[in-house]
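> Dropping a prediction and its sequence here:
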There are 2 protein chains.
Amino acid sequence: MDVSALVLEMGQKGKNAAKLMANAGTDKKNEALRIMADLLQEKRKHIQSENAKDVTAAKESGMSKAKVDRLTLTDKVIDEMAAGLREVSQLPDPVGEVTKMWTRPNGLRVGKMRIPLGVIGIIYESRPNVTVDAAGLCIKAGNSVILRGGSEAINSNRCLSEILQEALSRVGLPGDAVQVVPTTDREAVLELLKLEDYIDLIIPRGGEGLIRFVVEHARMPVLKHYKGVCHIYIDEVAEYDMAEKICLNAKVQRPGVCNAMETLLIHKKAAPEMLPKLAKSLRDAGVELRGCEEARKIVPEMKEATEDDWYEEYLDLILAVKVVGSMDEAMSHIAKYGSDHTEAIITTDYRRAHRFLSEVQSSVVLVNASTRFNDGFQLGLGAEIGISTSKLHAFGPMGVEELTGSKFIVFGDGQVRS
Amino acid sequence: MDVSALVLEMGQKGKNAAKLMANAGTDKKNEALRIMADLLQEKRKHIQSENAKDVTAAKESGMSKAKVDRLTLTDKVIDEMAAGLREVSQLPDPVGEVTKMWTRPNGLRVGKMRIPLGVIGIIYESRPNVTVDAAGLCIKAGNSVILRGGSEAINSNRCLSEILQEALSRVGLPGDAVQVVPTTDREAVLELLKLEDYIDLIIPRGGEGLIRFVVEHARMPVLKHYKGVCHIYIDEVAEYDMAEKICLNAKVQRPGVCNAMETLLIHKKAAPEMLPKLAKSLRDAGVELRGCEEARKIVPEMKEATEDDWYEEYLDLILAVKVVGSMDEAMSHIAKYGSDHTEAIITTDYRRAHRFLSEVQSSVVLVNASTRFNDGFQLGLGAEIGISTSKLHAFGPMGVEELTGSKFIVFGDGQVRS
């Protein structure tokens, strides 16, 4: 079978499975998730022997140690995948929730009810645990999923998907609700992206190159996550201790992730007193500072920031620092250089706190809290399939609810249109 | 300036305008909409003289009378456009609404707040009133809009957009929030569809060919409306009078629209008594019936339906009729042949009414009401920019609320992540 026909058949099977999954009911879906978790642990040896094929091939091909680590399904990773599935089984089922209902003058009662999206395609790089995590969330929300992982993980992914399918079959749900593209042929991705009549949503997870490729070629909607150039703005009237605690957390706790602070903006009236102390704390924590001219007048040890620094997602212990004349200047800077990801204000002023929350158009906007809270678990979504940096459908962390849509339901009593 | 540079500049201007529109405030947006309405009526003569250029050229090129009618901006059409803008000015502003809010164990208060989508592109065919209607809704929801109408309406659209821009400027909002692509060069559409960094959403309004073209080439999300193959299922225990009234309304009141009934499904226990009477009423109203074998045993005058009939969107006084053995068979038929648009059940049975509402995955599902209610005004959205037949972001009629997204807002008190 050629790749085009193979992928088309997967789309058709996925769509048929999605119809059954949409009405599967909460109990059955949760039972399948629990059995998946059990089977992953029971079949640990089998999974690890399939995974070993990928790991061996990866080492032979000269893959970096960090990447080999991410590819390897240790006991710990398998247990975490199982625990994740059990947690997802305990989340509320979004499907069927009536989010609002109103009555029309003619007596029609109109409501909006959450429904699954249908078939979700996930295109990702080499970490095989994504196969299980993403499939679990899609199943919980009543969808079917087509997974296309990195070619280096093909044996692991095939093995994992067989286990997930077995669990679905055991409770009478369609095994085709979880499919892994069984070939490493690169053409398969392009063919997947053409299936707008079968796949309702594509989620690429990986670097900007992968995402741009998917956006360019996909005929169906894409939920994408570009970079996070996150800002903290320290207002004219902030408490120093809180500012220091939050800035250190946002920059240092885990600098390599998308919700770490990349640029600090500080009001010119706060800077003379706060910036020297804050700069010292950050430098003591290993952070390299790159400042604007004003900032360097106050803390001459800073390097000079160039125009490029304001756009930069360092993902490292480096921080750009700019002194601003007003909150408006801070917000203009964010609008120009930011990536609509996460921004925080630190202030004791009521009015500016509310203005900042309203006017900054990023996916998560915080007052007096660390940017590191832009995360599905931290914000209380219960899980996370990704963070969307585009505004349609979902913006910010996406949990199971964001893997559903909604339909209108109408209770009538013989009404017709005049 | 070449087309590519022209369109890119429009995208940049649109994005800058969108930043200002996002925080424009309700009063200013409403005032702009009211001034737009006033100016349309004050400048009626000017609009009509520009429109006459398009109408004359269209007639010379041999355009059909029906299309020339849709192109012509009569006094009535201009007054309707103005009235539409005034109605939109009175709708609630969706921007800033906090749709929910919850508190995390660490005390963070997390909410979701509606925000504008940004820049919306609308690609449509020759009716110039779409320019005003669509722009009004986009402005109300705090977006900026780039409009690309049919080339036959270019003079009308340019003139209308200048008037809309004047109204925006008068209240201090950016004129660039409404832009009409000033060239009829077909290349401009392709260039627009590449601007994923500037345009947040594309809405094509027109035939399936236009929509497929946009879906294939757009790099940004597309909200699309394919066909409406709408079903009514008459259950085993329906009231005949209600069934007749609803079926006639759904088929006959306006057969050429997407929410008209195209296929009637009737339970085998109801068919012997109801179908002869119903067939007579429908035929008296001028409807041609095409039935399955069972239906033709009961009403032999029906033509024979072919497999193709079940997929057909007639948009005409033709109805396919099928006798089914159960509601499950009806729902399977809908899932196989339907277009996810609008389906209704007519029944007195509580349990089946609720099962049908839950299990049928179309954008609007009704009990005991006409399919013709799938419409933004009828369902109470206050306005309609289109009907989406895909599930992401919006499914079914789209009003101003569907032209917004949402961001997370977080009220903290010094929280950091551990």
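Now that the structure is in, tell me what you want to look at.

> which residues in chain A form helices?
With DSSP state H as the criterion, chain A has helices at A:3-22, A:26-42, A:44-60, A:65-71, A:75-90, A:129-140, A:154-170, A:187-194, A:208-217, A:240-252, A:271-284, A:293-298, A:327-337, A:350-359.

> out of everything not next to it in sequence, what's closest to the residue of the stretch 251-400 of chain A found nearest chain B?
Nearest to chain B, among the residues of the stretch 251-400 of chain A, is residue A:369, at 2.8 Å (C-beta to the nearest C-beta). All C-beta spots, glycine's among them, are computed from the backbone N, C-alpha and C. Distances taken as C-beta to C-beta, 6 or more residues apart in numbering or on different chains place residue B:412 nearest to residue A:369, at 2.8 Å, with adjacent residues excluded.

> Could you list the paired strands of the longest strand seen in chain A along with their orientation?
In chain A, with assignment by DSSP state E, the single longest strand is strand A:404-415. Strand pairing for strand A:404-415, using DSSP bridges, gives strand A:109-116 (antiparallel), strand B:364-369 (parallel).

> got a list of contacts for the last one?
To tie it back to what came earlier, the one meant is strand B:364-369. By C-beta atoms under 8 Å, 6 or more residues apart in numbering or on different chains, the residues outside strand B:364-369 that reach it are A:108, A:407-416, B:242, B:246, B:259, B:341-347, B:353, B:356-357, B:371, B:373-374, B:379, B:396-397.

> of these, buried ones?
A:108, A:407-412, A:415-416, B:242, B:246, B:259, B:341-347, B:353, B:356-357, B:371, B:373-374, B:379, B:396-397 (16 or more other C-beta atoms under 10 Å in any protein chain shown).

> What distance do you get for residue A:205 to chain B?
According to C-beta to the nearest C-beta, to the nearest Å, residue A:205 and chain B sit 17 Å apart.

> Enumerate every residue touching that residue.
A:122-125, A:130, A:134, A:225, A:386 are the contacts of residue A:205 under C-beta under 8 Å, 6+ apart.

> swap the cut-off to 6 Å and go again
By C-beta atoms under 6 Å, 6 or more residues apart in numbering or on different chains, the residues touching residue A:205 are residue A:124.

> How about residue A:179?
Contacts for residue A:179 (C-beta under 6 Å, 6+ apart) come out as A:10, A:146.

> Out of the strands paired with strand A:404-415, which gets nearest to residue B:65?
Nearest to residue B:65, of all the strands paired with strand A:404-415, is strand B:364-369, at 33.4 Å by C-beta to C-beta.

> what mean pLDDT does the closest one have?
The pLDDT scores in strand B:364-369 average 98.

> Output it as PDB - backbone C-alpha positions only.
Extracted in PDB, the C-alpha atoms of strand B:364-369 (Å, rounded to 0.1, in the frame of the first residue of the first chain):
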ATOM      1  CA  VAL B 364     -27.700  22.600  15.900                       C
ATOM      2  CA  VAL B 365     -29.800  19.700  17.100                       C
ATOM      3  CA  LEU B 366     -33.500  20.400  17.800                       C
ATOM      4  CA  VAL B 367     -36.400  18.600  19.400                       C
ATOM      5  CA  ASN B 368     -39.800  19.500  18.000                       C
ATOM      6  CA  ALA B 369     -38.700  22.600  16.100                       C
END
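
> Go through it and flag the buried ones.
Those would be B:364-369, for strand B:364-369 by 16+ other C-beta under 10 Å.

> now do stretch A:43-54
By neighbour count on 16+ other C-beta under 10 Å, the buried set for stretch A:43-54 is A:43, A:47-48, A:50-51, A:54.

> of the residues you listed, closest to residue B:277?
residue A:43 (61.9 Å).

> what sits against that closest one?
Taking C-beta under 6 Å, 6+ apart, one finds residue A:163 in contact with residue A:43.

> Same question for residue A:10.
Counted by C-beta under 6 Å, 6+ apart, residue A:10 has contacts A:146, A:179.

> Tell me the spacing between it and residue B:201.
Look at residue A:10 and residue B:201: by C-beta to C-beta, to the nearest Å, they are 29 Å apart.

> what's the answer for residue A:358, then?
In terms of C-beta to C-beta, residue A:358 sits 22 Å off from residue B:201.

> And the two? Which one has more around it.
Remark: of residue A:358 and residue B:201, residue B:201 carries more neighbours, 25 against 17, as counted by other C-beta atoms under 10 Å in any protein chain shown.

> ok, back up a step: of the buried residues of strand B:364-369, which is the nearest to chain A?
The closest of those to chain A turns out to be residue B:369 (C-beta to the nearest C-beta; 2.8 Å).

> bridging residues for that closest one?
Legend: beta-bridge partners of residue B:369 under DSSP bridges are residue A:415.

> Of all residues in the stretch 151-300 of chain A, which one is closest to chain B?
Residue nearest to chain B within the stretch 151-300 of chain A (C-beta to the nearest C-beta): residue A:249, separated by 3.6 Å.

> Residue numbers of the stretch 251-400 of chain A in contact with chain B?
Counting by C-beta under 6 Å from any C-beta of the partner chain, the residues of the stretch 251-400 of chain A close to chain B are A:335, A:357, A:359, A:361, A:363-370, A:372, A:379-380, A:391-393, A:395-396.

> shouldn't residue A:127 be in contact with residue A:71?
No: using C-beta atoms under 6 Å, residue A:127 is not in contact with residue A:71; the gap is 7.0 Å.

> And the nearest residue to residue A:313 once chain neighbours are set aside, how close does it get to residue A:312?
In space, not counting the residues next to it along the chain, residue A:313 is nearest to residue A:227; the distance is 4.2 Å by C-beta to C-beta, 6+ apart. Remark: distance between residue A:227 and residue A:312 (C-beta to C-beta) = 9 Å.

> follow-up on the earlier one: mind checking which of the strands paired with strand A:404-415 is nearest residue A:173?
Across these (criterion: C-beta to C-beta), the nearest stretch is strand A:109-116, sitting at 12.9 Å.

> Report the inter-axis angle for the closest one versus helix A:3-22.
130 degrees (axes from the mean of the first three to the mean of the last three C-alpha atoms, to 10 degrees).

> So which bits of strand A:109-116 are buried?
Neighbour counts using 16+ other C-beta under 10 Å place A:110-116 of strand A:109-116 among the buried residues.

> For residue A:85, state which of those residues is nearest.
Among the buried residues of strand A:109-116, and counting by C-beta to C-beta, the member closest to residue A:85 is residue A:116, at 18.2 Å.

> about what we covered before: would you mind listing the outside residues contacting the longest strand of chain A?
The contact list for strand A:404-415, computed with C-beta under 6 Å, 6+ apart, reads A:94, A:106, A:108-117, A:141, B:242, B:357, B:363-369, B:391, B:395-396.

> Contact partners for the closest residue to residue A:95 other than its chain neighbours?
In this structure, residue A:95 finds its nearest non-sequential neighbour in residue A:142, 4.6 Å apart by C-beta to C-beta, 6+ apart. Residues near residue A:142 by C-beta under 6 Å, 6+ apart: A:21-22, A:95, A:116.

> Would you mind putting the residues you listed into JSON lines with pLDDT and distance to residue B:265 alongside?
Putting those into JSON lines (pLDDT from 0 to 100; distance: C-beta to C-beta, whole Å) gives the following:
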{"residue": "A:21", "pLDDT": "97", "distance to residue B:265": "24"}
{"residue": "A:22", "pLDDT": "96", "distance to residue B:265": "20"}
{"residue": "A:95", "pLDDT": "97", "distance to residue B:265": "25"}
{"residue": "A:116", "pLDDT": "98", "distance to residue B:265": "24"}
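
> Thank you, goodbye.
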